[in-house]
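**Q** okay, sequence plus prediction incoming.
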Amino acid sequence: MYFKTADVGGLKVFYREAGEPSKPTIVLLHGFPTSSYQFHDLIPLLADRFHVIAPDYPGMGFSDAPAAAVLRPTFDDVSGVINTFISQTAPGPIMLYLHDIGGPIGMRIATAHPERIAGLIFQNFTIAVEGWNPDRLKVYKRLGGPETPETLAETEQFATVERGMFLHKKGARQPDALNPDHWAMDAYAFSIPANRVFMSRLFMNITMNIPLYPEWVAYLKDRQPKTLIVWGRNDPLILPPGAEAVKQAVPTADLRYFDGGHFVLDEYAGEIAEAIIETFSR
């Protein structure tokens, strides 16, 4: 595995890369509040058969945290950066791994450039309101209103090591056996004030994705991309109806549930790697 940085419009984007560029490319798009580190177990398992790239979004992981005057902390603008990054590092057809906030980023790219998409992998990312825990969605909608010092301070509590521990452990098959490196690595980014503010403001923009759900569903129904759904069924945030919504849009999709939570790769990287290889390689 190689650890690199790309210059995207003056922003430093950190990424992990493995496998031969001549092989089919999978771009791994991480969730919140984490980074490409969440794929550190998966990447080596795919590298023999695929060219694998996993970027950190602006303001997350080891990438630059730009000021709002340089890059707005919105899904539209962050998706633009990641789209440019992909064009620079993987100009051919790609498969996208969509997890959590990586889903809205990836679906913007897929709908804008459908000719480049060779396949999609959904992991605990919803294209339907029914896929959300309704109690959590109420909180996100409230925090998504006009920013005030109070709402920003409250939202910053989602970018903490305690929040990371909760999301890794809640619903996990063996939470006490998880590697603490998962949330310890993320704590580095939280410790940088500019990162924490950018992450929080991006999080406040999350409900702006909901109006795009019909467009994403229409894209899936029309294009019928080769699709794999791998899902931690005990996720406290994004529920199994989210997986069923994708299956309904793409009936040929392979849907596999796992006894895990939001970060199901923590415990099932081997099984998910095998599912990816079966779907996109064999």
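**A** Happy to help now that I have it. Numbering: from 1, shown residues only.
**Q** strands along the stretch 1-150 of the chain, start to end?
**A** In the stretch 1-150 of the chain, the strands defined using DSSP state E, counting those that start in this stretch lie at 2-8, 11-18, 25-29, 51-55, 94-99, 117-123.
**Q** which among those strands is found nearest to Val197?
**A** strand 11-18 (15.9 Å; C-beta to C-beta). In this view, the C-beta of every residue, glycine as well, is placed from N, C-alpha and C.
**Q** what packs against the closest one?
**A** strand 2-8, helix 42-46, strand 51-55, helix 75-89 (3 or more C-beta pairs under 8 Å, 6 or more residues apart in numbering; DSSP states H and E).
**Q** coming back round to it: which one of the strands of the stretch 1-150 of the chain lies nearest to Glu244?
**A** In terms of C-beta to C-beta, the element of those nearest to Glu244 is strand 117-123, at 11.1 Å.
**Q** what's next to the closest one, contact-wise?
**A** Counting contacts by C-beta atoms under 8 Å, 6 or more residues apart in numbering, the residues outside strand 117-123 that touch it are 24, 26, 93-99, 103, 106, 110, 223, 225-232, 243, 246, 253, 264-265, 272, 276, 279-280.
**Q** leaving out sequence neighbours, find the closest residue to Gln88.
**A** What sits nearest to Gln88 in space, not counting adjacent residues and going by C-beta to C-beta, 6 or more residues apart in numbering, is Ala6, at 5.9 Å.
**Q** so who does the one you found touch?
**A** Each residue near Ala6 by C-beta under 8 Å, 6+ apart is listed here: Lys12, Val13, Tyr15, Pro55, Phe85, Gln88, Thr89.
**Q** same deal with Ala54?
**A** With C-beta under 8 Å, 6+ apart as the criterion, the residues that contact Ala54 are Tyr15, Arg16, Glu17, Val27, Leu28, Leu29, His30, Ser36, Phe39, Ile43.
**Q** and those as TSV, adding distance to Gln157, pLDDT and neighbour count?
**A** Compiled in TSV, these are given as follows (distance: C-beta to C-beta, whole Å; pLDDT from 0 to 100; neighbours: other C-beta atoms under 10 Å):
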residue	distance to Gln157	pLDDT	neighbour count
Tyr15	28	98	21
Arg16	28	98	22
Glu17	33	98	20
Val27	30	98	23
Leu28	27	98	26
Leu29	24	98	29
His30	20	98	24
Ser36	23	97	25
Phe39	25	98	26
Ile43	30	98	22
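**Q** for Ser30, give me its contacts.
**A** Careful, residue 30 is His; it's not Ser. Taking C-beta under 8 Å, 6+ apart as the definition of contact, the neighbours of His30 are Ser36, Tyr37, Gln38, Phe39, Ala54, Asp56, Tyr57, Met60, Gly61, His99, Asp100, Gly102.
**Q** and it, how far from Glu156?
**A** As for His30, its distance to Glu156 is 19 Å (criterion: C-beta to C-beta, to the nearest Å).
**Q** surely Lys12 is in contact with Ser63?
**A** Yes. Distance between Lys12 and Ser63: 6.2 Å, which falls inside the contact criterion (C-beta atoms under 8 Å).
**Q** so between those two, which is more surrounded?
**A** Applying other C-beta atoms under 10 Å to Lys12 and Ser63 shows that Ser63 carries more neighbours, namely 26 against 15.
**Q** what number of residues are in the vicinity of the residue nearest to the more buried one when sequence neighbours are not counted?
**A** Distances taken as C-beta to C-beta, 6+ apart place Asp56 nearest to Ser63, at 4.2 Å, with adjacent residues excluded. Using other C-beta under 10 Å as the criterion, Asp56 is surrounded by 23 other residues.
**Q** next one, pLDDT for Asp56 please.
**A** At Asp56, the predicted lDDT confidence score is 98.
**Q** could I get the contacting residues of it?
**A** Applying C-beta under 8 Å, 6+ apart to Asp56 gives the contacts Val13, Phe14, Tyr15, His30, Ser35, Ser36, Phe62, Ser63.
**Q** rerun that using 6 Å as the cut-off
**A** Shown in contact with Asp56 (C-beta atoms under 6 Å, 6 or more residues apart in numbering): Phe14, Ser35, Ser36, Phe62, Ser63.
**Q** is the closest residue to the third one other than its chain neighbours in a bridge, and if so with what?
**A** Which is Ser36. Taking C-beta to C-beta, 6+ apart as the measure, Ser36 lies nearest to Ala54, with 3.8 Å between them; neighbours along the chain are not counted. Following DSSP bridges, Ala54 is listed with bridge partners Arg16.
**Q** thanks a lot, catch you later.
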